[in-house]
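Undergrad: Predicted coordinates and the sequence they were generated for:
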Amino acid sequence: MTAPAAPLIELKGITRTFGSGPAAFQALRGIDLTVQDGEFLAIMGPSGSGKSTAMNIMGCLDTPTSGSYRFQGVTVEQLSRRQRALLRRWRLGFVFQGYNLLPRTSALENVELPLMYRRVGTAERRRLARETLALVGLSGWEKHTPAQLSGGQQQRVAIARAIVTNPTVLLADEPTGNLDSEKGNEIMALLRSLNEDRGITILMVTHEPDMAAYAHRIIRFVDGRIQSDEPRAEAA
């Protein structure tokens, strides 16, 4: 028999405490979670439940107070700050609710930005950025600035910027939070296609059950703990 594949992400006993003494706040209280390569997870819970803190740890934007985080078998909390930055640069992509695009910069230049950090040459950088904008349905919009784009188009640019480096994992924090239901569903269909067609593992924080229905699993956080981990037989 073939041995089961090791998890892409594995959290064991993760805690995160902010502050100290009487003012200390324990955001995470012993989280155990595994994510397999190619999964699509929706992470839900009320404000203050710990879901965003968990996402920040998995995105190497924060480190746990205790416990172990392994990414592709590597113990992340033992990495140096520079090594964690390289892990973010080469393996992770990020999409935020507020888009976080450079306002006076074209869509093409926004998507090129991560490739500049990798020192990709100008011609190759522009080719990859154009191809990725076409992938998210924005061919012909390369020269437009964020102010000339709708909210849904801006989020597509943000997704293109996140995937132009072909990340292993895409972390999306409320990616449809600023969009109406129609545009939100368009973005979710795009994320689903990236997961199915390109094999990108997606971790998404959302408050919206309709958007969570696109995922393979729904993880619910309450008071710093995982309350439930529900596999979905069929996604939307």
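TA: Yes, it's here. Numbering: from 1, shown residues only.
Undergrad: so residue 174 makes contact with residue 206?
TA: Yes: with contact defined as C-beta atoms under 8 Å, residue 174 and residue 206 form a contacting pair (6.1 Å). The C-beta positions use only the backbone N, C-alpha and C, and glycine is treated the same way.
Undergrad: what about these two, which has more around it?
TA: Between residue 174 and residue 206, counted using other C-beta atoms under 10 Å, the more crowded position is residue 206 (26 against 18).
Undergrad: Low-confidence regions, the protein specifically.
TA: 1-4, 233-236 (pLDDT under 70).
Undergrad: those helices in it, which residues are they?
TA: Ranges of helices in the chain, per DSSP state H, are 51-58, 81-91, 107-117, 122-135, 151-163, 181-198, 209-212.
Undergrad: ok, and which of the ones you listed has the densest surroundings?
TA: helix 151-163 (a mean of 24; mean count of other C-beta atoms under 10 Å).
Undergrad: hmm, who's touching that one?
TA: Under the contact criterion C-beta atoms under 8 Å, 6 or more residues apart in numbering, helix 151-163 has outside partners 93-96, 99-101, 107, 110-111, 113-114, 129, 132-133, 135-138, 141, 144, 146, 149, 170, 175-176, 178-179, 183, 186-187, 190-191, 194, 198, 200.
Undergrad: Show the contacting residues for the nearest residue to residue 44 once chain neighbours are set aside.
TA: The shortest distance from residue 44 to any non-neighbouring residue, by C-beta to C-beta, 6 or more residues apart in numbering, is to residue 220 (5.2 Å). Counting by C-beta under 8 Å, 6+ apart, residue 220 touches 44-45, 226-230.
Undergrad: Now render the helices of the chain as a markdown table, adding distance to residue 69.
TA: A markdown table is the format used below for those (distance: least, C-beta to C-beta, whole Å):
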| stretch | distance to residue 69 |
| --- | --- |
| helix 51-58 | 6 |
| helix 81-91 | 10 |
| helix 107-117 | 23 |
| helix 122-135 | 29 |
| helix 151-163 | 21 |
| helix 181-198 | 22 |
| helix 209-212 | 23 |
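Undergrad: give me every residue that touches the residue positioned nearest the centre of the chain.
TA: In the chain, the residue lying closest to the centroid (C-alpha atoms, centre = their mean) is residue 171, at 0.5 Å. By C-beta under 8 Å, 6+ apart, residue 171 lies in contact with 55, 58-59, 92-95, 203-204.
Undergrad: mind running it again at 7 Å?
TA: 55, 58-59, 92, 94, 203 (C-beta atoms under 7 Å, 6 or more residues apart in numbering).
Undergrad: what do you get for residue 57?
TA: 14, 16, 63-64, 69.
Undergrad: do residue 168 as well
TA: 91, 201.
Undergrad: Report the separation between it and residue 191.
TA: In this view, residue 168 and residue 191 are 15 Å apart by C-beta to C-beta, to the nearest Å.
Undergrad: Same check on residue 36?
TA: From residue 36 over to residue 191 (counting by C-beta to C-beta), the distance is 17 Å.
Undergrad: One more: residue 148?
TA: Distance from residue 148 to residue 191, by C-beta to C-beta: 24 Å.
Undergrad: mind checking which of the helices of the chain is nearest residue 26?
TA: Closest to residue 26 of those, according to C-beta to C-beta: helix 51-58, at 10.1 Å.
Undergrad: on that earlier part again, make a PyMOL selection of the buried ones in the contacts of residue 57.
TA: Listed next is the PyMOL selection for buried residues among those, using 16 or more other C-beta atoms under 10 Å:
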select buried, resi 14+16+64+69
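Undergrad: Kind regards, and thank you for your time.
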